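> need the 3D shape of this:
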Amino acid sequence: MSQWELLKQLDTKYLEQLDELYQNEALPMDIREYLAHWIEAQHWEQAATSYSQATILYQNLLEQINNQYSRFMQEKAFVSQHNFKKYRQNIQVLCCPHSLPATLCLIGTGRNRPFTALCQVVLGVLVKPLVINMCEQESTFLEEQQDEFDFKFKTHQVRRQGEGSQLPVLSFIDKFSELLTKAEKLLDILVSEELVDWKIRQQKACIGAPITVSLDQLENWFTVEAECLFQLKRLLKKLEELGKKVTYENDPFKTKIPALKERTIKLLSSLIKSAFVVENQPCMAPQTKMPLLLKTSTQFTVKPSSTETVAILLSISLGRYRRFNILGTISKAMNMDELRHGGLCADFRHLVRSKRWLVSGAVTVSLIVTEELHIISFETELHWQELVVKLETSTLPVVVISNASQLLSGWASVLWYNMLCNDPKHLLFFSNTPAAPWHQLSDALSWQFESNTKRGLDSDQLSMLAEKLFGPQQNYADSSISWARFCKENLPKQNFSFWIWLQGILELIKRYLEDIWNAGHIIGFLSKQREKILLKTKPTGTFLLRFSESYRDGGITFSWVEHLPNGKPKIHSVEPYTKTHLSNISLSDIIHNYNMIADENVPEHPLLYLYPNIPKDEAFGHYYTNSEPGLMNHKYLKTKLIVVSER
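Residues are numbered from 1 along each chain as shown. Sure thing, here's the model as predicted:
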């Protein structure tokens, strides 16, 4: 479906804005309708900066109109035929080849972008450049009128006609004011809806959510808004200069323009301040997959970004409960971001935090180190076209640890905060920590696996985890878990918490089991009762893989079913394999070579089918360690580890 068809599905109030966009005779709505696919397929942005390409597209557009005109002739559609003939003449009169792409570029470039529900943003950036272009034309006309009035006024021809001369000026100022009102509404949507939504998505992405946090779309919208406002600012300056030629009592140039100028500058300042964000949150190393968790005396990187295209000097600071020195370059010039072909960024790399001292008397709430939240602030000042704007932004709250033993507790704090809190300044979040609803926590737990491997947790695996936390229930939708129960309190009959147990399993998967986990061969999170239900109806030799519930650092076992002569199923399980075992032999090789010693010491292979019914070698054959061909040239016979159990 073309972008035009999607635009026509907007609500009535937005269709009215769409109608306003095509009031300009240089681009009638009929042309946009009939030539929609052709218009959206052209590269108007490139043509806007290339006169030769603009000329080619201009001629191609006229040819497309001629073709459509010919089709109307064949169909004997007289009215449409008449209209397109008129449109062609108007375009030739009103549009020069170079100005046409500037009019169409924003309409055409939407072809590769996802169409969002907030189409009013798109409409805003489409309408405003065209309206401003009309304002520029009117200002030129006003300038000519003002020159004529200046001459007549000074030659005493219009001593009493001052009030009459105000009419076109007042009309222009009203249009200008209306345009600023639209700009305010658009900026409000960008800042209070789109930017807020991006920041929430960035929080979720920090804790592993598989969502895009690209700034490209926002940057495009903010840039168009900024360009329009700077253009309006230049128009106002031009009008101020017109007012200096001649003045009289109640001259609208003197009484109205200052207020418009103040509104424009206020809008520009607000837009630029809002566009100054932290694009990449602090991270010690990308491979850790734990942003916002920093360790003293360890390097980290952070990247603030702005849509404005001027070089500005940026400095950073960090603080809250404890004082830190930030070692490294803490001031940098923001330069063009070459990867996105626009905007500014400063990439702070190789920064190191070193603990300095505790702030005496500054803390009124006692929190453990991994629950203390800090922010890194960035400050600068922008000077551009007589505009001075102080800019400040900050990272999401970070947790600063001092040794590796605090890593998992610190990451739990990062996860809990960004899952439940959208206030980036709420540094006392853990002084009264809220419980987490299961529907939110289940997503976050799945993200931990998906971001570190290529596979998240399915509904059955999440149900087992919910049962482990809340006990057997029909529905966990209304269940919540406290912060203490999640990562501080030990599991029943264990000396470790739920969070530590889960992280131990995740680490085991990352280091030794990622291939077969990604292939979906590990059910993993499964209670013994559920395991029995799944296996008892399957053929003898059907087995499955599940994680142990009693190993702090993660363990994995396999269980299989054997049907006894009396027909009753018997479930066998081996002692869980830990990182100690898996560092010497892979789980696939263990499964491949696993034997049981039966009567008379005859070995047998009990593992035949991976649940539900996949032949063992079909599931794991790809991961078996290849045997080295030929033993004749070896001095010693090769050996291999085989796991054997007694019946």
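> the residue lying closest to residue 507 once chain neighbours are set aside: how many residues sit nearby?
Excluding its sequence neighbours, the residue lying closest to residue 507 (C-beta to C-beta, 6 or more residues apart in numbering) is residue 554, at 6.2 Å. Yep, even glycine has a C-beta here, placed from its N, CA and C like the rest. Here the count is done by other C-beta atoms under 10 Å, and residue 554 has 25 residues near it.
> show the backbone phi and psi for residue 554.
Main-chain torsions, residue 554, degrees, to the nearest 10: phi 90, psi 130.
> quick check: it vs residue 548, distance?
Distance from residue 554 to residue 548, counting by C-beta to C-beta, to the nearest Å: 8 Å.
> what touches both of those two?
With contacts defined as C-beta atoms under 8 Å, 6 or more residues apart in numbering, no residue is adjacent to both residue 554 and residue 548.
> run me through the strand neighbours of the host helix or strand of residue 380, direction for each.
Here residue 380, judged by DSSP states H and E, is contained in strand 375-384. Strand 375-384 pairs in its sheet with strand 312-319 (antiparallel), strand 387-394 (antiparallel), by DSSP bridges.
> what pLDDT does residue 145 get?
Residue 145 is assigned 50 on the pLDDT scale.
> same check on residue 269?
Note on residue 269: pLDDT of 92.
> count of residues packed around it?
Other residues close to residue 269 by other C-beta under 10 Å number 17.
> measure residue 40 to residue 3 for me?
Between residue 40 and residue 3 the computed distance is 6 Å (C-beta to C-beta).
> likewise residue 513?
Taken as C-beta to C-beta, the span from residue 513 to residue 3 is 46 Å.
> and residue 205, by the same measure?
27 Å.
> mean pLDDT lowest for which of the strands paired with strand 375-384?
Between these, the one with the least mean pLDDT is strand 312-319; it has a mean of 49.
> low pLDDT regions in the stretch 351-500 of the chain?
351-365 (pLDDT under 70).
> one more time with 90
351-369, 374-395, 400-405, 424-425, 427, 454, 471-478, 492-493 (pLDDT under 90).
> which residue ranges form the helices in it?
407-420, 438-452, 459-470, 483-487, 498-508 (DSSP state H, counting those that start in this stretch).
> which strands and helices lie in contact with the first one?
The reference is to helix 407-420. Here helix 407-420 touches helix 196-206, strand 293-295, strand 399-401, strand 436-437, helix 438-452, helix 483-487, helix 498-508, going by 3 or more C-beta pairs under 8 Å, 6 or more residues apart in numbering; DSSP states H and E.
> so the residue nearest to residue 507 makes contact with residue 502?
No. Between residue 554 and residue 502 there is no contact under C-beta atoms under 8 Å: 9.1 Å.
> and the closest residue to residue 465 other than its chain neighbours, how many neighbours does it have?
Nearest residue to residue 465, sequence neighbours excluded (C-beta to C-beta, 6+ apart): residue 525, at 5.7 Å. Residues lying near residue 525 (other C-beta under 10 Å) number 23.
> kindly report the same for residue 486.
Using other C-beta under 10 Å: residue 486 sits among 20 other residues.
> can you list the buried residues in stretch 216-226?
Neighbour counts over stretch 216-226 (16 or more other C-beta atoms under 10 Å) mark 217-226 as buried.
> confirm residue 562 sits in a strand?
Yes. Counting by DSSP: H, G, I helix; E, B strand; the rest coil, residue 562 falls inside a strand.
> need the contact list for residue 469.
Counting by C-beta under 8 Å, 6+ apart, residue 469 makes contact with 438, 479, 481, 485, 498.
> secondary structure class for residue 27?
Residue 27 ends up coil, using three-state DSSP.
> likewise residue 543?
Assignment for residue 543 (three-state DSSP): strand.
> contacts only, for the residue nearest to it when sequence neighbours are not counted.
Counting by C-beta to C-beta, 6+ apart, residue 560 is the residue found nearest to residue 543 once chain neighbours are left out, at 3.6 Å. Neighbour list for residue 560: 535, 541-544, 571-572, 606-607 [criterion: C-beta under 8 Å, 6+ apart].
> are any of the residues you listed buried, and if so which?
Those of the contacts of residue 560 that meet the buried threshold are 535, 541-544, 572, 606-607, by 16+ other C-beta under 10 Å.
> helices of the stretch 501-647 of the chain, start to end?
Assigned by DSSP H, counting those that start in this stretch, the stretch 501-647 of the chain shows helices spanning 514-518, 528-535, 579-582, 587-593, 616-620.
> the domain parsing of this protein - what is it?
The chain breaks down by automatic domain parsing into domains covering 1-114, 116-275, 277-413, 431-514, 517-646.
> wait, doesn't residue 72 sit right on residue 87?
No. Using C-beta under 8 Å, residue 72 makes no contact with residue 87, being 11.5 Å away.
> what touches both of those two?
With C-beta under 8 Å, 6+ apart, residue 72 and residue 87 have no common neighbours.
> so for stretch 488-508, what gets flagged as buried?
Within stretch 488-508, the residues scored as buried using 16+ other C-beta under 10 Å are 491, 497-506, 508.
> might you report the residue contacts of residue 270?
Residues near residue 270 by C-beta under 8 Å, 6+ apart: 187, 191.
> do residue 233 as well
261, 264-265, 268, 385, 387.
> any chance of a ChimeraX selection covering the buried ones in those residues?
The ChimeraX command for the buried members of the contacts of residue 233 (criterion: 16+ other C-beta under 10 Å) is given here:
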select :261,264,265,268
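> can you tell me which of the contacts of residue 233 is nearest residue 191?
Set against residue 191, the nearest of the contacts of residue 233 by C-beta to C-beta is residue 268 (13.2 Å).
> any idea how far the closest residue to the closest one other than its chain neighbours is from residue 276?
Using C-beta to C-beta, 6+ apart and skipping the chain neighbours, the partner closest in space to residue 268 is residue 229 (4.9 Å). The spacing between residue 229 and residue 276, counted by C-beta to C-beta, is 16 Å.
> same check, this time on residue 533
In this structure, residue 533 and residue 276 are 56 Å apart, going by C-beta to C-beta.
> give me the more crowded residue out of those two.
Taking neighbours as other C-beta under 10 Å, residue 533 and residue 276 compare with residue 276 leading, 23 against 11.
> backbone torsions only: list them for that one.
Dihedral angles of residue 276 (phi, psi; degrees, to the nearest 10) stand at phi -90, psi 100.
> shouldn't it be in contact with residue 392?
Yes. Here residue 276 reaches residue 392: they are 7.5 Å apart, a contact under C-beta under 8 Å.
> just the endpoints, please. Distance across stretch 538-554?
End-to-end distance of stretch 538-554 (C-alpha to C-alpha, to the nearest Å): 28 Å.
> circling back: what's the closest of the contacts of residue 233 to residue 408?
For the contacts of residue 233, the residue nearest residue 408 by C-beta to C-beta is residue 268; the value is 46.0 Å.
> one step back: quick one, what contacts the residue nearest to residue 507?
Applying C-beta under 8 Å, 6+ apart, the residues near residue 554 are 501, 504-509, 547-548, 578-579.
> now it: how far from residue 518?
17 Å.
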